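# what would the 3D arrangement of this be:
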Amino acid sequence: MPDTTPDTAQSTAVAADRKLNPADADACERLARSLCSDGREQVDSPEWVERARDAWEDVPLPLRREVRRFRRHSGPHGTLVIGGLPVGQATLPATPTVPGSVQRRATISAAVLTMVACGLGEPLAYLAEKSGALVQDVVPVPGQETFHGNAGSVPLSFHTENGFHPHPPDYVAFLCLRADHDRIAGMRVAGIRQALPLLTPAGRQALFAPEFITTPPPSFGPDGAASEPDVKPRPVLTGAAEDPDIRMAQLVTSPFTLRAAAALTEFSRACEATARTLRLTPGDLVVIDNRVTVHGRTAFHPRYDGADRWLQRTYVTTDLRRSRDHRPHDGHILAR
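So this is what the prediction gives:
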């Protein structure tokens, strides 16, 4: 379960929305093991994803109910936290330490994450990021401590995932396999539904104007812009004035008017004022509504001893069809 100790005065105490009881956790583990029967299954194959999609229908009702409700409306915080999920902890290998680490072979954790993704919609990946793997490792990498991305261990600023792209994910899901040694690493989340009342009318108006450029994040590498060359000015907020969507990353979103710069600063302050911190332990699942919630991370101290913090991540779209022109052979990977 997430630690409820706030990181700053602005962070709110957080508990899991639900923790699976042992019987339901065992049922989830049996389903996950059925997707890993001979150790050769490839997570990225369409056939395996189809099996995971079918297996989701047999997941215990309490988990399916929570995911279904969240999919309909992600609530005031745009975040769902469920504890007690199986991750195969008894046979977990050493935490990976290589750049670009991903999970290609089926494992209990990858199966659980993919089943949940299929309950939310369809798994999604980007070829230019983490080699297009559907299940990606979020682990500290030696020598990349200051990298502003999932391989680093310095603070990670607020962002929505892949806001530069015409088809960003609707959800991003994280499953904790290992906590950091010192139990200080925190996932920070802030939702527009909490931040919006703190914005001035002028700030809101500017954030709805197409006066911002968001470029690919460092995780897409130095040639990331080539994956989508037509990056155009966009607003940070779109949709309903009373419940807008967000596309923003503090590191790579640039305003190009004075009012846009002031509004972006105002929005960042509103996010800080309403942020919550989640400290995850093994078996904690976090689903973030990427349309209405930004997330980041506090700093922590990796030891590179095989037992460092290890999350696995997958992206989810609610409508795979809308990105068809970016996905060769109608697969789950956006090639551009």
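
# only C-alpha atoms from now on, for both contacts and neighbour counts.
Noted.

# this structure: helices as residue ranges?
Remark: helices assigned in the chain by DSSP state H are 22-34, 46-56, 61-72, 108-120, 192-195, 201-207, 258-274.

# tell me the most buried of the ones you listed?
Most buried of the helices of the chain, by mean neighbour count (mean count of other C-alpha atoms under 10 Å): helix 108-120, with a mean of 26.

# that one packs against which elements?
Under the contact criterion of 3 or more C-alpha pairs under 8 Å, 6 or more residues apart in numbering; DSSP states H and E, the helices and strands touching helix 108-120 comprise helix 22-34, helix 46-56, helix 61-72, strand 171-178, strand 310-317.

# before we move on, back to that, got JSON lines for the helices of the chain, with mean pLDDT and distance to residue 292 too?
Written out in JSON lines, the entries for the helices of the chain read as follows (pLDDT from 0 to 100; distance: least, C-alpha to C-alpha, whole Å):
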{"stretch": "helix 22-34", "mean pLDDT": "97", "distance to residue 292": "29"}
{"stretch": "helix 46-56", "mean pLDDT": "96", "distance to residue 292": "25"}
{"stretch": "helix 61-72", "mean pLDDT": "96", "distance to residue 292": "13"}
{"stretch": "helix 108-120", "mean pLDDT": "98", "distance to residue 292": "16"}
{"stretch": "helix 192-195", "mean pLDDT": "98", "distance to residue 292": "6"}
{"stretch": "helix 201-207", "mean pLDDT": "98", "distance to residue 292": "14"}
{"stretch": "helix 258-274", "mean pLDDT": "98", "distance to residue 292": "12"}
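
# now the ones you listed in CSV, with distance to residue 141?
Formatted as CSV, the helices of the chain follow (distance: least, C-alpha to C-alpha, whole Å):
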stretch, distance to residue 141
helix 22-34, 28
helix 46-56, 29
helix 61-72, 32
helix 108-120, 20
helix 192-195, 32
helix 201-207, 35
helix 258-274, 27
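
# which among those is found nearest to residue 242?
With C-alpha to C-alpha, the closest approach to residue 242 among the helices of the chain belongs to helix 192-195: 8.5 Å.

# what's the closest one packed up against?
Using 3+ C-alpha pairs under 8 Å, 6+ apart as the test, helix 192-195 ends up in contact with strand 243-246, helix 258-274.

# how far away from the center of its chain is the first one?
Counting by C-alpha atoms, centre = their mean, to the nearest Å, strand 243-246 is centred 17 Å from the centre of its parent chain.

# quick check: closest non-adjacent residue to the most centrally placed residue in the chain.
By C-alpha atoms, centre = their mean, the chain has its centre lying nearest to residue 172, at 3.1 Å. Excluding the flanking residues, the one nearest residue 172 by C-alpha to C-alpha, 6 or more residues apart in numbering is residue 315, at 4.6 Å.

# residue contacts, the one you found?
If a contact means C-alpha atoms under 8 Å, 6 or more residues apart in numbering, then residue 315 has 117, 123-125, 134, 169-173 as its contacts.

# could you redo the last one with a cut-off of 6 Å?
With C-alpha atoms under 6 Å, 6 or more residues apart in numbering as the criterion, the residues that contact residue 315 are 123-124, 169, 171-172.

# among those residues, who's most crowded?
residue 123 (30 neighbours; other C-alpha atoms under 10 Å).

# pretty sure it is touching residue 316, no?
Yes - with contact taken as C-alpha atoms under 6 Å, residue 123 and residue 316 are classed as touching, separated by 4.5 Å.

# shared neighbours of those two, anything?
With C-alpha under 6 Å, 6+ apart as the test, residue 123 and residue 316 both reach residue 117.

# tell me the residue furthest from the middle of this protein?
Checked against the mean C-alpha position of the chain, the extreme residue using C-alpha atoms, centre = their mean is residue 258, at a distance of 31.0 Å.

# related to what we said a few turns ago, and the helices and strands packed on helix 192-195: which comes nearest residue 47?
Judged by C-alpha to C-alpha, the one of those that comes nearest to residue 47 is strand 243-246, at 33.1 Å.

# list of residues touching the closest one?
Contacts of strand 243-246 with the rest of the structure, by C-alpha under 6 Å, 6+ apart, involve 236-238, 291-292.

# mind listing what's buried along it?
Applying a neighbour-count criterion of 16 or more other C-alpha atoms under 10 Å, the buried positions in strand 243-246 are 244-246.
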